[in-house]
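> sequence and predicted model, in that order:
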Amino acid sequence: MLMKDKICLITGATDGIGKETARCLGKQNAQLILVGRNPKKGEKVRKKLIEKTGNNQIEILTADLSNMKAIRYLAERIYSRYDRLDVLINNAGAFFAQREETDEGLEKTFALNHLNYFLLTKLLLDLIKKSTDARIVNVSSQAHAGSTINFDDLHGEKDFSGWNTYKQSKLMNIMFTYKLAELLKDTPITVNTLHPGFVRTRFGDNNTGIVGIGLNLAKKIGAISIKKGAATSVFLASSPTVKGVTGKYFVKCKPKKSSAASYNKSNIDRLWKTTEQCLAFLA
């Protein structure tokens, strides 16, 4: 078993790509920590995965990952239960057609899709460093292409477009990956990001009206299966062929160039600094 005795944490693990990633890694005998928002749904998924994989080393932890206080508490619980972490898969994310704010005053896409990845990873780094072969996998999207970061309006208070905000958040995932890989280059930890494909999941189902109808129609016509969508996440988490490979963007299990904007060193550094300042304000 490739993943025997490996401890893997997957966010957004009770649906879609995250759930399928958990099933695949569970079949490889990994010890799984699954993070979801709904405790009843999470427990149902946990039991189903145990039944499907024959692996009973599966735990569900509940957290709203758009809330920074909840992420900090989640990290505390993980430290109290585990002495290391071998794989972290930042998978949780969403698309919001209309602007929404969290109870901490953050624009929800920015909070869930970017700040969540950044804060949870940083909080768990000491645990990740205790692994001899640790991997961090950040699920992004080809939607990042053509996007730039509006540093003057990160919360969409002046001008909000749900799709452009989503695209920007996926660009942030890639830039975060590249910066973290650079910072960890002298460690055995690898950090990679990926595009899963346009997948037939419940992605976007939180939206109503024309946007919701359009997304559902598009998924019926052109989306790939959840199994195919999870393949690259599973590959980056478990394949021996990417051992030591870091700071790359993957599509269909192969490295690919991301957008030109994603390599802008000045903006990568600015995003890192701005994110740290935002999180320090909320601490």
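In hand now; what should we look at?
> for the closest residue to Asn164 other than its chain neighbours, helix, strand, or coil?
The spatial neighbour of Asn164 that comes closest, neighbours along the chain excluded (Cβ to Cβ, 6 or more residues apart in numbering), is Ser147 at 7.0 Å. No exception for glycine: its C-beta is placed from N, CA and C like everyone else's. Secondary structure state of Ser147, per DSSP: H, G, I helix; E, B strand; the rest coil, is coil.
> ok, Leu115 touching Met68?
Yes - with contact defined as Cβ atoms under 8 Å, Leu115 counts as touching Met68 (6.5 Å).
> list residues touching both of those two?
106, 279 (Cβ atoms under 8 Å, 6 or more residues apart in numbering).
> these two: who's more crowded?
Ranked by neighbour count (other Cβ atoms under 10 Å), Leu115 and Met68 place Leu115 first, with 27 against 22.
> check contacts around the more buried one.
So Leu115 contacts 68, 106, 275, 278-279 (Cβ under 8 Å, 6+ apart).
> restricted to strands, list those residues.
Among those, no member falls in strands (DSSP state E).
> pLDDT and distance to Ile136 added to those residues, as JSON lines?
Output for the contacts of Leu115, formatted as JSON lines (pLDDT from 0 to 100; distance: Cβ to Cβ, whole Å):
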{"residue": "Met68", "pLDDT": "98", "distance to Ile136": "19"}
{"residue": "Leu106", "pLDDT": "97", "distance to Ile136": "23"}
{"residue": "Thr275", "pLDDT": "98", "distance to Ile136": "16"}
{"residue": "Cys278", "pLDDT": "96", "distance to Ile136": "21"}
{"residue": "Leu279", "pLDDT": "97", "distance to Ile136": "18"}
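> distance to Val251 added to those, as a markdown table?
Shown next, in a markdown table, are the contacts of Leu115 (distance: Cβ to Cβ, whole Å):
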| residue | distance to Val251 |
| --- | --- |
| Met68 | 31 |
| Leu106 | 30 |
| Thr275 | 25 |
| Cys278 | 30 |
| Leu279 | 30 |
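> pick the one among these closest to Lys257.
Thr275 (23.9 Å; Cβ to Cβ).
> tell me which element the closest residue to the closest one other than its chain neighbours is part of?
Leaving aside its sequence neighbours, Thr275 sits nearest to Phe118 (Cβ to Cβ, 6+ apart; 5.2 Å). Here Phe118 sits within helix 116-128, counting by DSSP states H and E.
> which elements pack onto that helix?
strand 7-11, helix 68-81, strand 87-90, strand 135-139, helix 162-183, helix 265-282 (3 or more Cβ pairs under 8 Å, 6 or more residues apart in numbering; DSSP states H and E).
> so where's the stretch 151-283 of the chain uncertain?
199-224 (pLDDT under 70).
> at 50 instead, please
200-201, 203-221 (pLDDT under 50).
> one step back: could you dump the helices and strands packed on helix 116-128 to TSV with distance to Ile128?
TSV is the format used below for the helices and strands packed on helix 116-128 (distance: least, Cβ to Cβ, whole Å):
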stretch	distance to Ile128
strand 7-11	9
helix 68-81	11
strand 87-90	6
strand 135-139	7
helix 162-183	11
helix 265-282	18
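> of all the ones you listed, which one is nearest Ala22?
Among the helices and strands packed on helix 116-128, strand 7-11 comes nearest to Ala22, with 5.4 Å by Cβ to Cβ.
> which residues are contacting the closest one?
With Cβ under 8 Å, 6+ apart, strand 7-11 has contacts from 18, 21-22, 25, 30-35, 65, 78, 82, 84-92, 116, 120, 124, 131, 237.
> give me the buried entries from the residues you listed.
Buried subset of those (neighbour count, 16 or more other Cβ atoms under 10 Å): 18, 21-22, 25, 30-35, 65, 78, 82, 85-92, 116, 120, 124, 131, 237.
> where does Phe95 sit: helix, strand or coil?
coil.
> pretty sure it is touching Gly162, no?
Yes - with contact defined as Cβ under 8 Å, Phe95 reaches Gly162; the gap is 6.5 Å.
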